[in-house]
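Chemist: pasting a predicted model and its sequence here:
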Amino acid sequence: MPKLTIDGTEIEVAAGTSVLQACEQLGIEVPRFCYHDKLSVPANCRMCLVEIEKTPKPVASCAMPCADGMVVHTDTPTVHKARKGVMEMLLANHPLDCPICDQGGECDLQDQAMAYGFDRGRFAEMKRAVKDKELGPLVKTVMTRCIHCTRCVRFADEICGTPELGGVFRGEKMEIGTYVTRALSSELSGNLIDVCPVGALTNKPGAFTARPWEYQKTDSIDVLDAVGSNIRIDVRGNEVMRVLPRLNEEVNEEWINDKTRFACDGLKRQRLDQPYVRRDGRLQPATWDEAFTAITDKLKDCAPAHIAAIAGDLADCESMFALKSLMQALGVNNIDCRQDGAEADVSTRAAYIMNSGIAGIEQADAILLIGTDPRHEASIINARIRKRWLRGGMRVGLIGASVDLTYPYRHVGTSALAINDLISGKHEYAAILKSAKNPMIIVGAGALAGEGGNALLASARKLAETFNVVREDWNGFNVLQLAASRVGGLDLGFVPQAKGLSTNGILKACEQGDMDFVWLLGADEIDTKRLGKAFVVYQGHHGDKGAHRADVILPSAAYTEKSGIYVNTEGRPQLTQRAAFPPGAAREDWKIIRALSEKIGKPLSFNDLAQLRDAMFKAAPVLAKIGHVEKSAWVNFGAEGALSTLPLGTAVDNFYMTDVISRASPTMAQCVAEIMPVKTGVAA
């Protein structure tokens with residue numbers, strides 16, 4: 001490990017550490033534009049120049065590895081002069097349109113020009129202008145502002161795996177853009193806005209709507225998939241204006257997908273802001289008391305065996321716990337949180353979480369994907385797999401439909417029968433799994449949703465045990481969930497109780513006229529036509545499919561409007577925080593259920609959120625460890641049976657519209673119209 005001296009302070013760093021990184025370890029700020037922690041080092045902006053003794057001229061610190069005995073100076077007249085010269089060159093052709101630039105107020109160029117630049121420029125010639133590029137509905141370009149740091153080019157190539165950006169021409173005529181004019185096809189393209197250090201790439205849907213200093217900022221969690229990306233919600237007044245990523249190396253690093261970032265405009269459209277009761281075949285506005293009375297009157301005529309509850313994909317743990325408590329008080333056993341109809345074994349936590357954790361992907365040297373398309377089911381996890389593949393020494397196998405994953409893989413088979421071929425050693429990928437030090441299996445939740453899900457789960461467990469995927473120091477058996485509510489619901493036991501019916505059983509009973517009352521807690525991804533003549537209560541925040549079928553609508557708060565616990569696919573409980581208030585008469589889900597329990601005559605034991613969480617933590621202690629993953633014991637799970645010969649399909653056909661919020665988003669609708677054709681090759 002080399003030892004060097006920086007500004008008079010001696011430091012020992014790991015081999016391969018750059019001078020810039022060593023400066024950061026000492027808390028010394030070195031300006032930069034092209035350098036980014038997660039990207040390769042091009043050393044082309046020259047803003048990070050430092051002086052190193054025994055070198056003839058200033059050195060780009062981002063590209064200079066530390067050496068033993070090196071003496072570095074970051075605060076000398078030579079360094080100051082060099083930085084001012086670089087800044088003057090960068091600003092020579094910059095339009096200086098800060099007053100009308102959306103990046104104004106959070107722009108690296110602004111900040112560093114103030115801190116390290118000169119107070120005037122000497123460039124008197126005509127400034128260069130560059131034509132703006134069309135990158136689709138999400139990223140707005142003003143390419144005259146571009147300083148050619150190439151962060152966007154490297155991000156698209158290295159993180160996204162879609163090398164659609166590049167430089168054309170040379171010297172002063174160089175331009176960044178796409179070689180073929182079309183929308184960017186990556187699900188992570190919105191991160192280009194964050195990595196751009198100037199205002200060349202900005203938020204197109206949010207253009208000219210607000211300034212950064214106008215926002216109220218709230219740390220929260222994304223719930224539009226099961227990754228649980230850490231986000232910051234920016235609100236002006238009571239309106240969510242934008243969503244940005246927060247750094248969490250264990251979960252999403254510093255990236256979020258485009259749906260997380262841009263679907264927030266769906267939060268103000270098609271909202272349910274007052275109760276409704278169906279009268280004379282039509283939903284009519286009602287008071288809370290009228291809605292509760294309609295529910296209470298119906299429940300009086302229903303036997304517990306003919307009552308059911310289904311929790312949707314966006315439900316928080318508190319609301320599911322409250323609803324389960326109410327159903328238990330009524331003696332109802334027909335409850336389920338699995339809208340997709342999955343009935344695989346969930347008796348142990350190891351059977352339904354990512355046991356390795358998301359960050360554990362970086363330790364794997366062989367990954368087998370079974371019935372999953374992580375690029376569209378969990379884009380952040382797919383980026384992590386690509387990151388590990390780029391490092392080398394890792395091979396990916398896939399059982400299921402052929403898809404574009406942004407990295408090469410070996411197609412092992414299309415049906416679950418391929419698992420048996422691997423166990424018996426018939427397929428060549430079996431040798432790769434056998435020789436791997438840390439092999440990993442990722443089973444898609446969609447693969448477990450069919451009738452053969454339990455048998456597939458058992459076969460995947462057997463495969464893991466055959467190839468040393470699970471041992472004392474490593475558990476590479478993972479289930480990739482699709483819904484933010486799924487793991488939390490399973491931890492709470494929101495599944496059929498003694499002789500109770502699952503989602504499929506509930507819908508079948510409705511079709512046969514054997515189910516009188518169904519409570520939908522934000523459940524919109526079921527076939528509502530199968531509900532038959534059952535009395536339906538829909539509790540949710542958007543007027544989607546569930547609300548259209550409902551007999552009573554109870555308006556609730558969206559994830560940005562309440563504090564709630566969600567458990568991501570790796571089993572990590574995380575907390576959303578209220579950033580805005582629910583519209584109109586809408587209320588938090590647990591409050592609605594608690595108030596109704598009083599009306600029914602079965603009052604629940606808690607009166608506030610703290611009491612509810614105390615009761616919930618007693619029922620499911622794992623939920624109390626916010627931010628931490630509780631490891632699960634490895635036991636037998638699944639059920640032996642014949643594997644299906646049908647091809648394993650993909651669970652997400654349309655990445656941009658998977659829930660009520662994204663379906664209400666005009667931006668996501670634009671993405672479907674402009675980006676989906678690019679992905680499918682229609683608009684080449």
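Modeler: Yep, it's here. Numbering: from 1, shown residues only.
Chemist: wait, residue 283 touches residue 550, no?
Modeler: Yes: using CB atoms under 8 Å, residue 283 is in contact with residue 550, at 7.3 Å. For every residue, glycine as well, the C-beta is placed using N, CA and C.
Chemist: between these two, which one's more packed in?
Modeler: residue 550 (25 against 17; other CB atoms under 10 Å).
Chemist: tell me the spacing between that one and residue 524.
Modeler: Distance, residue 550 to residue 524, by CB to CB, to the nearest Å: 11 Å.
Chemist: go on, residue 136?
Modeler: Counting by CB to CB, the gap from residue 136 to residue 524 is 27 Å.
Chemist: where does the chain dip in pLDDT?
Modeler: Within the chain, the stretches falling below the threshold (pLDDT under 70) are 680-684.
Chemist: returning to what we had before: neighbour-wise, which of residue 136 and residue 524 wins?
Modeler: residue 524 (23 against 20).
Chemist: which residues touch the more buried one?
Modeler: 312, 540, 542, 544-546, 659-660 (CB atoms under 8 Å, 6 or more residues apart in numbering).
Chemist: list the contacts of residue 494.
Modeler: Residue 494 touches 311, 320, 323-324, 335-337, counting by CB under 8 Å, 6+ apart.
Chemist: how does it look with 6 Å?
Modeler: By CB atoms under 6 Å, 6 or more residues apart in numbering, the residues touching residue 494 are 311, 320, 324, 335, 337.
Chemist: helix, strand, or coil at it?
Modeler: Under DSSP: H, G, I helix; E, B strand; the rest coil, the three-state class of residue 494 is coil.
Chemist: which non-adjacent residue is nearest it?
Modeler: The shortest distance from residue 494 to any non-neighbouring residue, by CB to CB, 6 or more residues apart in numbering, is to residue 337 (4.1 Å).
Chemist: what's the answer for residue 277, then?
Modeler: residue 286 (4.2 Å).
Chemist: same question for residue 188.
Modeler: Of all residues beyond its chain neighbours, the one nearest residue 188 is residue 160 (5.1 Å), with distances taken as CB to CB, 6+ apart.
Chemist: state the number of residues packed around residue 423.
Modeler: 16.
Chemist: just checking, it touches residue 466?
Modeler: Yes: under the criterion of CB atoms under 6 Å, residue 423 makes contact with residue 466 at 5.4 Å.
Chemist: how about the nearest residue to residue 6, chain neighbours excluded?
Modeler: Take residue 6 and drop its neighbours on the chain: the residue closest to it by CB to CB, 6+ apart is residue 72, 4.5 Å away.
Chemist: surely that neighbour touches residue 52?
Modeler: Yes: Residue 72 is in contact with residue 52 according to CB under 6 Å; the separation is 5.4 Å.
Chemist: more neighbours: these two, which one.
Modeler: Ranked by neighbour count (other CB under 10 Å), residue 72 and residue 52 place residue 72 first, with 27 against 19.
Chemist: re earlier: you'd agree the residue nearest to residue 6 is in a helix?
Modeler: No: counting by three-state DSSP, residue 72 is not part of a helix but strand.
Chemist: how close does it get to residue 81?
Modeler: Taking CB to CB, one finds residue 72 at 17 Å from residue 81.
Chemist: and if you look at residue 619?
Modeler: For residue 619 relative to residue 81 (CB to CB), the value is 66 Å.
Chemist: ditto for residue 315
Modeler: 60 Å.
Chemist: these two: who's more crowded?
Modeler: Higher neighbour count among residue 315 and residue 81: residue 315, with 30 against 13, using other CB under 10 Å.
Chemist: from residue 212, how far off is that one?
Modeler: 33 Å.
Chemist: and what of residue 43?
Modeler: For residue 43, the distance to residue 212 equals 30 Å [CB to CB].
Chemist: the two - which one has more neighbours?
Modeler: More neighbours surround residue 43 than the other of residue 43 and residue 212, with 17 against 14 (other CB under 10 Å).
Chemist: that one in helix, strand or coil?
Modeler: Applying three-state DSSP: residue 43 is coil.
Chemist: spatially nearest residue to it, not counting backbone neighbours?
Modeler: Once flanking residues are discounted, residue 43 sits nearest to residue 63: 3.7 Å by CB to CB, 6+ apart.
Chemist: how many other residues sit next to the one you found?
Modeler: Residue 63 has 16 nearby residues by other CB under 10 Å.
Chemist: can you tell me which residues contact the residue nearest to residue 345 when sequence neighbours are not counted?
Modeler: Leaving out its chain neighbours, the residue that sits closest to residue 345 by CB to CB, 6+ apart is residue 637, at 4.5 Å. By CB under 6 Å, 6+ apart, the residues touching residue 637 are 345, 348, 351.
Chemist: go with 10 Å
Modeler: Residue 637 is in contact with 344-352, 454, 457-458, 460-461, counting by CB atoms under 10 Å, 6 or more residues apart in numbering.
Chemist: nearest to residue 498 among those?
Modeler: Using CB to CB, residue 347 comes nearest to residue 498 of the contacts of residue 637, at 14.2 Å.
Chemist: roughly how far does the residue nearest to that closest one when sequence neighbours are not counted sit from residue 473?
Modeler: Nearest non-adjacent residue to residue 347, counting by CB to CB, 6+ apart: residue 637, 6.2 Å away. Going from residue 637 to residue 473 by CB to CB gives 21 Å.
Chemist: residue 385 reaches residue 367, doesn't it?
Modeler: Yes: counting by CB atoms under 10 Å, residue 385 touches residue 367, with 6.4 Å between them.
Chemist: overlap of the contact sets of those two?
Modeler: With CB under 10 Å, 6+ apart, residue 385 and residue 367 have common neighbours 361, 374, 394, 396, 407, 409, 440, 442.
Chemist: all helices of the stretch 1-150 of the chain, in order?
Modeler: Using DSSP state H, counting those that start in this stretch, the helices of the stretch 1-150 of the chain run over 19-25, 77-91, 108-116.
Chemist: closest one to residue 491 among the ones you listed?
Modeler: helix 19-25 (39.0 Å).
Chemist: what sits up against the closest one?
Modeler: If you take CB under 10 Å, 6+ apart as the criterion, helix 19-25 is touched by 2, 4, 6-7, 11-14, 17-18, 28-32, 35, 37, 41, 43, 48, 50, 52, 59-67, 70, 72, 74.
Chemist: how close does residue 460 get to residue 59?
Modeler: Taken as CB to CB, the span from residue 460 to residue 59 is 52 Å.
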